[in-house]
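> Generate a structure from the sequence data that follows.
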Amino acid sequence: MKTFKPSALTLALMLGGLAMSSYSALAQEIEEQENAEESVEVIQIKGFRRSLIESVNVKRYSDTIVEAVSADDMGALPDVSIADSITRLPGVTSVRSSGQSSELNIRGLSGIFVFATLNGRELVSNQGGRSVQFDQFPAELINSVRVYKSQKASLLEGGVAGTIELGTVNPLNNSEDHTFNVQGRLSYNDIASANPDTDAVGNRFSFSYQGKFLDNTLGLGLGYARLDQPNISTQFVNSQPRCGLLPFDGAPVTSPVDCDLTAVEGGAKRYVVPTSFNLNARGGKEIRDGFMGTLTFQPEGSLTVKADAFYSKFDSERKDRGIFFDGLGTLLDGPTFEFTNPVLSGPNQDVIVGGRYWGNRSGNLTQAPLPGGRIPYGFQTTSDDRTVNSEVLSLGTNFTWDLDRLTVSLDLSHSQGKSYYLDTVVRMALFDDARAAFPLATNNFDVYYELNGLTLPTIIIDSASAAGLSDPNRTMVTALEKYPNREKNKASSIKLDLQYELDNEMFPTIETGVRWSERTHDFDRNMYRYGSSDFLGVRSGRWVTSWDLTDPNNPVIRQSHPPYQLQSGDYSVMNLGGRFSHYPNFLAINNAQIENAWLTSQGVNTSAGKSWDNSWTFFESNLVTEETVSAYLQANLDTELAKKRLTGNVGVRVVRSQQSSTGLQTAVVPGSGDCITDDYNITNCNYDIVEQGITYTDVLPSINLNLSLTDNDQLRFAAAKVMARPDLPEMRVSGSWSFDVNPITNQREANLNANSSPALKPFYAYQYDLSYERYFTETEGAFVAALFYKDIRSIVQQFTQEQFDFASANIAVPAVDPVTQVPVVPGAYSAKFNNGEGGYLRGAELAYTQTFNFLPGAFKGLGFSGSVSYTESELNNSFAAVQGGIEETSPLPGLSKVVWSGALFYDYEDVFSTRVNVRYRDDYVGNQVALGQLQQAFFKSELLVDFQASYQFNENYQGVFSVSNLTDEPNISYFGAQYNTGTLQYFGRQFYLGVNAKF
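Sure, this is the predicted structure:
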């Protein structure tokens, strides 16, 4: 007979009502232990220790390789953030957004390769395409998390990195008939007090109820969680540097083909120079309201009905204020400003990391906005509103019938996410005298600027200009820009699953099912620019954009965009504070107030819209649709091998996908396309509205095996073919046609050139996992050692595919060359494709959890949980860290070779509990944001430390205290080498103090 020997604490948790009913193997084990309840005392374990034990047991009895975070009740997860809870699991890392963990990476693969579900149903993102932002989900409303690292046929396809399953509570599993949980916390951020847009004090509140009715056949769960906390960060951002010929002795400037720093041409040598940088502080509030509802009806018959609803509204106010320095890169363009005191770095001393920039050292330059006035470089005060308002809704209903040996499950679901990104920019430039009838932009300033590697730079502004930044008589509002975007994601599905018990000792059950789903991604861009014909000049104070120069001595203004003089009540004086307090003060304004006083109250329409002057507002607006039908067959294994119990599953999943995109493509003949009128009454007929796409079928086999070596040791093996669909923005319609003669065939061909493609196929991999697990008997815990290998078959890259089958992608090919009228044949398609060149991603993981209850006295409350992961890949990412530079090879975005986490915890007699959590990730490649544009850069390793403590006053009340980011660990990036600083961003420490009540 199959036997196992769980420790007393493990068995106590099982008998205490753990929600393990979904694991058939465990149910059988418990049935065989029918007398255990009489011989084992049920021990009540609470807090973080209980969560760890539950997580270990979920892993132990799962039929796949899985990591877990569990809680026995709503609101009992051990972290403030659900993303922080997940990122402590082996091989999981996070990308911080506004200081909080948000996007999650698994085993070196970024968020677009991570599939997410809620109660087994596909989750869509509120923003960012496929990558789910997990900070949208309140920890107080999530009851469990599973991270599936191996695939099985019954699991939804889509996770090459892994699948993250969020679970909400089932009230019928609650030990009490009625339970109320109330949590309240005050929060404090220690760097927020210096920011005028932020209150340093915030709060969290949650309420939940679970009830059982009608003789425990009807369960109701309700939950509400509110977050109101400061959104704060202080940062220095250095934009991507530029490479080019720096002229000496009057040598002409040419555009370099690449950045060969050793080349010398005509007395000129190539150098890497700074382009722009800014100092700013982000302030605002993050307000998130989350609601959860679940209703379970389970009468005595065979039917169970469960309906779930989850809604989260997250408004993240992001007001960025600071000082922006621009135009430094014009040093390569033969500038009229002077550059002295150069500071060089790099192996060959060809990287300029510092120097003194003079605006008008000679005093001979004409000041803007006069004719001929030029500001080669300058600095502005910026006030950006990058607020994001987002929502996520998930609805689902499940009907399950237990019909003797057959179990039938019908599931209906809908998930949608949407966001509105404001992205408003107000800029203020420095003038000689804002009170003058004809204000002149200041150009007689000088700035010394020197990068200091991964620490803050040296910035010294001449005293008069530095004082002017906080003087309303010298600083004027010059520019208003808006770049809002809206994103909508929707997914709906119908799923039917069958499980049948067989009279077979090897395969006791078999599962099969079908699923239909449809997903859409709708992205829309708009814009508004004050002085749009010369908005770059207007930014710097060149507010007269057109002159009548008939009489050069008395030029007449033809077009102007006058700046705004700040009035009393329009501004306050601000300093970045903290580590940045030595930088100059500047003026902070309210964007909406200035916009109204300056423009809208004067009848100017500042509404954002689509404009042919900025055609990207049309090109980047796109609709992508996916429709899939899948079916699977899975046999569940329970047998013996060499007198050892062998469990697991083997199966196959078949998926047929149809994807399409609707958007704009350049018309073959200019003017012959669909005539489209923008929001400013300009009509353009140069583009066709087209729908393109492909249909394909995938066969995804999988196997999971678990061999019980002893009662406490087991060996797991898993293998599967997995897929992750391409990121939605990369599937947009785009492109223009060109016509060339093929030198080999001598035929004139129609070639389509694009930077995205509706014909893009999924990212495929064959993955293999092997792990050894040992579970401790005398104490709670486990030791796990795992190896993983992913044979990745392709990566997405931009390249040209010759003789492309345009018909398969529903792309209509022109019949003739519009210029020569010569017939053409289909040619090449230049776009993003799966390039067919794959490689491995492999690594190892170690995890160890131990409660030290064998220690004497009070020390028995000690415990430790930790893991370390190592990942390497022969797949490479290529990008140019320097504008105009040669592309260099780097690891895949998001891949950190070494990742580890550890938690040292202590519980004293179920009254006092405390723990310290540490998370570390190695250097990696990611995107830094500079002036609203994504720039790829290297990110320095991070070590995050959190602290939590709680005290149980009585059975009903518990006090809690925690600190997030205890060491105020910054987020740091750099371009290729650490002397080329990228971003230095600090978020502050977040303190929480509160009370939990349970009735």
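> helix/strand/coil for Gly129?
coil (DSSP: H, G, I helix; E, B strand; the rest coil).
> Is there a neighbour count for it? I'd like the number.
20 (other C-beta atoms under 10 Å). Heads up, the C-betas are built off the backbone N, CA and C, glycines and all.
> Show the contacting residues for it.
Contacts here follow C-beta atoms under 8 Å, 6 or more residues apart in numbering; on that basis Gly129 touches Ile112, His521, Asp727, Leu728, Pro729.
> List the buried residues in stretch 766-782.
Gln767, Asp769, Leu770, Ser771, Glu773, Arg774, Tyr775, Phe776, Thr779, Glu780, Gly781, Ala782 (16 or more other C-beta atoms under 10 Å).
> got any ranges where the chain has weak pLDDT?
1-47, 71-80, 128, 247-268, 334-336, 835-836, 929-934 (pLDDT under 70).
> for it, which strand is longest?
The strand that spans the most residues within the chain, counting by DSSP state E, is strand 683-708.
> so what secondary structure elements neighbour that one?
On a contact count with 3 or more C-beta pairs under 8 Å, 6 or more residues apart in numbering; DSSP states H and E, strand 683-708 meets strand 622-641, strand 644-666, strand 674-677, strand 713-724.
> and it with strand 622-641, angle?
Counting by axes from the mean of the first three to the mean of the last three C-alpha atoms, to 10 degrees, strand 683-708 lies at 10 degrees to strand 622-641.
> Listing partners with orientation, what would you give for strand 683-708?
Strand 683-708 sits in its sheet next to strand 644-666 (antiparallel), strand 674-677 (antiparallel), strand 713-724 (antiparallel), going by DSSP bridges.
> okay if I get those as CSV plus distance to Glu837?
Formatted as CSV, the strands paired with strand 683-708 follow (distance: least, C-beta to C-beta, whole Å):
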stretch, distance to Glu837
strand 644-666, 23
strand 674-677, 38
strand 713-724, 17
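> Show me which of the contacts of Gly129 is closest to Phe137.
Ile112 (18.4 Å; C-beta to C-beta).
> I'd guessed the closest one sits against Glu730; true?
No: between Ile112 and Glu730 there is no contact under C-beta atoms under 8 Å: 9.2 Å.
> what about the two, which has more around it?
Taking other C-beta under 10 Å, Ile112 and Glu730 do not tie; Ile112 has more neighbours (27 against 19).
> which ones are touching the more buried one?
So Ile112 contacts Gly129, Arg130, Ser131, Ala724, Asp727 (C-beta under 8 Å, 6+ apart).
> Looking at these, which is nearest Ala858?
Closest to Ala858, out of all of the contacts of Ile112 and judged by C-beta to C-beta, is Ser131, at 45.2 Å.
> Name the nearest residue to the closest one, ignoring sequence neighbours.
Distances taken as C-beta to C-beta, 6 or more residues apart in numbering place Gly111 nearest to Ser131, at 3.3 Å, with adjacent residues excluded.
> Got phi/psi on the one you found?
The phi/psi pair for Gly111 (degrees, to the nearest 10) reads phi -60, psi -30.
> what number of residues lie near it?
By other C-beta under 10 Å, neighbour count at Gly111 equals 25.
> what sits against Thr545?
Thr545 neighbours (C-beta under 8 Å, 6+ apart): Gly531, Ser533, Asp534, Gly537, Val538, Gln559, Ser560, His561.
> May I ask which of the residues you listed has the most neighbours?
Ranking these using other C-beta under 10 Å puts Val538 first, with 28 neighbours.
> is it true that that residue touches Thr478?
Yes: Val538 is within contact range of Thr478, at 5.6 Å (criterion: C-beta under 8 Å).
> ok, the residue nearest the centre of the chain - contacts?
By C-alpha atoms, centre = their mean, the mean C-alpha position of the chain lies nearest to Glu103, the distance being 3.8 Å. Counting by C-beta under 8 Å, 6+ apart, Glu103 touches Ser94, Val95, Ser97, Ser110, Gly111, Gly128, Ser131, Val132, Gln133, Phe134.
> any idea of the angle the longest helix that the chain contains forms with strand 683-708?
Longest helix in the chain, counting residues (DSSP state H): helix 47-61. If you take the same axes, to 10 degrees, helix 47-61 sits at 80 degrees to strand 683-708.
> buried ones in helix 47-61?
So for helix 47-61, counting by 16+ other C-beta under 10 Å, buried means 47-61.
> Kindly export it (C-alpha atoms) in PDB.
This file holds the C-alpha atoms of helix 47-61, laid out as PDB (Å, rounded to 0.1, in the frame of the first residue of the first chain):
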ATOM      1  CA  GLY A  47       1.200  34.100  10.400                       C
ATOM      2  CA  PHE A  48       4.200  33.800   8.100                       C
ATOM      3  CA  ARG A  49       5.200  30.400   9.400                       C
ATOM      4  CA  ARG A  50       1.800  29.000   8.400                       C
ATOM      5  CA  SER A  51       2.000  30.600   5.000                       C
ATOM      6  CA  LEU A  52       5.400  29.000   4.400                       C
ATOM      7  CA  ILE A  53       4.200  25.500   5.400                       C
ATOM      8  CA  GLU A  54       1.200  25.800   3.200                       C
ATOM      9  CA  SER A  55       3.400  26.800   0.300                       C
ATOM     10  CA  VAL A  56       5.700  23.900   0.800                       C
ATOM     11  CA  ASN A  57       2.800  21.500   0.900                       C
ATOM     12  CA  VAL A  58       1.300  22.800  -2.300                       C
ATOM     13  CA  LYS A  59       4.600  22.300  -4.000                       C
ATOM     14  CA  ARG A  60       5.000  18.800  -2.500                       C
ATOM     15  CA  TYR A  61       1.600  17.500  -3.700                       C
END
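> I'm done for today, thanks for sticking with me.
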